[in-house]
Each structure stands twice: as C-alpha cells, then as structure tokens.
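Q: Give me a 3D structure for the following:
(2 chains)
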Amino acid sequence: MSVSLALLPVALALRVVMGKENFEAWVASQQERAETDVTSEFELARLLKQAGYDAVKFGALVKTHLDGERAFFFWEFIDGKWVAIFSKGADLELRNTLIAKLEEAAGRPLFSQSRGSEGQQSSTYPTNFVDRDLLAQALTDLGGDPTYGKDGSLSCRINSAKLVFTKEGDGPFSVEVKGAVKAEQAFQYLSDLDDDYRKAVQTSVYQRVKSEAESRDLLIESEEVLPDKSILLTLRLN
Amino acid sequence: MTNGQIKLRIFPDGRVEAEIVGISGTGCMKLIPLVEQLVGGETIDSQRTANYFQQETVGSETPEIEATRVKGNH
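A: Reported below is the predicted structural model:
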C-alpha cells in the first residue's frame, strides 16, 4: 500500500552532467589558432630560437615547448603561413609570453590575432542551476561577490576570471567563463559550485517542506539526518 | 483519520525521494500532487510497490506497472 516517487526540485535542472573525462576530451578537442605572417619554416625556427624556444620538426608540423618540457603546442603551415595551434585549455600567460617574445625577436607584430585577453578568451558551459538566488548564495559561499544584472544575469569575478551566468526563460543558466583561466580550472570551480548549489537546494527544499506542512496542518512526526547527509522527514497524513 | 504517512528523503545533491505509505489503492496516486507541492518539484519517476498491487488487484484487473518519467523543464 505504498507508492515511491523520485522528484526533482524546480530549482534543479535535469541535465546530463558532463563528466570530467568527457570534459577533458572535449577540452582537448578545442583548438585555437593564432596566425602569423611568417611564410618560411626557416624564419619561424630562427625566431623561435632567438626568443628562447625550440622548434622540433614533427612530420609536417613544428613542435614548440612552453615552460620547459611541461607544455607544448604545434605550428602548422596553412594557406602559406605558419599558424600556432593552441589548445583552448592552454595557459594563457605562457601563450602571451611566447607571442610577446616572438614579436620582440621579429621586431614587428607577427600575429594577426594578437595575445589573448579577457574579451577574447571565453568559453560557455551548461549548468544545472535554475534559481538565481540560490546560485548567488552558492557563489557567495565559494567566496565570490555576485552582482545581479538587469537582464536576469548574474556575474561574479573569481581570481582572474569573470563568470557570467545567463538564462533564457525558465531554463537553466549557462555560464560564460571570461579571462585567463584554464578550462580544467574552470571545470573544477564549476564542479565545486555545482556541489554548493545542490546543498543550497537541499536546504531550500527542507525549509519549504516544513513551511508547506505547517500551512496544511500536516504533522511532521520525525526528522533526522542520515549518514549520507540526506534529510529524512516523516509527515503524518490527517 | 488515517494511518497514512509521507516519507521524504532530501539528498545533498538536491534530489528528493518520497514514499506514500498506509494509503490503500489509488488513494496513493491522488497524493502525488500534494507531495510535489510540498517539495516544490516534479515527479520524474513513480513506482507502486508490491503491496499496492495486492490491495489493488482485489476484485479488479491487474493494473500495469506505472513508471512515469517527466522531463525536467527547468
């Protein structure tokens, strides 16, 4: 004589959350090209050497290391010009340093797309967040100082990155991450934010149930916090 | 007066599981909207237990198992 239900609070979107592995694969697939005006491989290698970098022949590509051996990227010859193929998850500071040193070595601007800046570097991710106030609370809990936009958006600065949450209608928020932040760092932050948001949803639902029960004269017979931190409420039906 | 109860388990990840017990037959199903209002959410899955069917099948056709999934629109 019972029915069991699974419910989703309206503050939480039913979305397939991208796992870390999928996310990293996705990040790896993201490339950003920086085209130079260098047309000869010889000149590219000379400039790289002069700027303190290496140029290792790698098939039709040229491989250059950044920050010692810890990071690298490839140069590709496209439409008569050498193009740097950076991962979108690459460290923006290392990238900007490389561009500055190369241009200094050349004595001229080399890149048609100059160094990355907050305005240029941005990525947008889906979220499970629906309720703006709960999101603001979760951002505050993580040390942010969120500001409300007139268009319903929510903005927050975290270190060197700016997060802008926007949504259409009753749908969940999307977040645009602007600035010099690695995709992996953005993922970690958004993952922490997701945890905090969900905890805020738990508290919100708990308070709502208490309030609604009281207004309907439903007696709460017992309440307890279980080892997995879930809250069990038993209500008596009149 | 009834001996009916609603048991609500609110998880740290925001999910909610509910169980309506002690209500005979289809009375359980009629209480689902109440549970949704209490929680402020939507049912994405529902299952009648074996006890439900024992009660429900007396003098009636065997009901089909109801498994409801509602896509979240939030």
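
Q: mind listing what residue A:105 touches?
A: A:47, A:50-51 (C-beta atoms under 8 Å, 6 or more residues apart in numbering or on different chains). (Each C-beta comes from the backbone N, C-alpha and C, glycine too.)

Q: can we see that at 10 Å?
A: Residue A:105 makes contacts with A:46-53, as judged by C-beta atoms under 10 Å, 6 or more residues apart in numbering or on different chains.

Q: what packs against the helix or strand where residue A:3 lies?
A: Using DSSP states H and E, residue A:3 sits in strand A:2-9. When contacts are defined as 3 or more C-beta pairs under 10 Å, 6 or more residues apart in numbering or on different chains; DSSP states H and E, strand A:2-9 sits against helix A:183-215, strand B:5-10, strand B:16-21, helix B:27-30, helix B:32-39, strand B:41-48, helix B:50-56.

Q: Out of the contacts of residue A:105, flag the one nearest to chain B.
A: Comparing the contacts of residue A:105 against chain B with C-beta to the nearest C-beta places residue A:53 closest, at 46.0 Å.

Q: I'd say the closest one and residue A:65 touch.
A: Yes: counting by C-beta atoms under 10 Å, residue A:53 does reach residue A:65; the two are 6.9 Å apart.

Q: Need the overlap of contacts for those two.
A: residue A:72.

Q: Counting neighbours, go ahead and name the busier of these two.
A: A direct count of neighbours by other C-beta atoms under 10 Å in any protein chain shown for residue A:53 and residue A:65 places residue A:53 higher, at 17 against 14.

Q: List the beta-bridge partners for residue A:177.
A: Beta-bridge partners recorded for residue A:177 (DSSP bridges): residue A:123, residue A:163.

Q: That one and chain B: what is the separation?
A: Distance, residue A:177 to chain B, by C-beta to the nearest C-beta, to the nearest Å: 22 Å.

Q: What of residue A:159?
A: According to C-beta to the nearest C-beta, residue A:159 stands 26 Å off from chain B.

Q: Help me confirm that residue A:86 comes into contact with residue A:76.
A: No: judged on C-beta under 10 Å, residue A:86 makes no contact with residue A:76 at a distance of 11.3 Å.

Q: Compare the two and say which is more crowded by neighbours.
A: Set side by side, residue A:86 and residue A:76 show more neighbours around residue A:86, with 22 against 15, by other C-beta under 10 Å.

Q: That one and chain B, how far apart?
A: From residue A:86 to chain B the distance is 36 Å (C-beta to the nearest C-beta).

Q: quick one: that residue is in a strand?
A: Yes: the assignment for residue A:86 is a strand, going by DSSP: H, G, I helix; E, B strand; the rest coil.

Q: Report pLDDT for it.
A: Looking at residue A:86, its pLDDT reads 78.

Q: next one: residue A:5
A: Per-residue confidence at residue A:5 stands at 83 (pLDDT).

Q: from what I can see it touches residue B:33, true?
A: No: the criterion here is C-beta under 10 Å, and residue A:5 misses it with residue B:33 at 11.1 Å.
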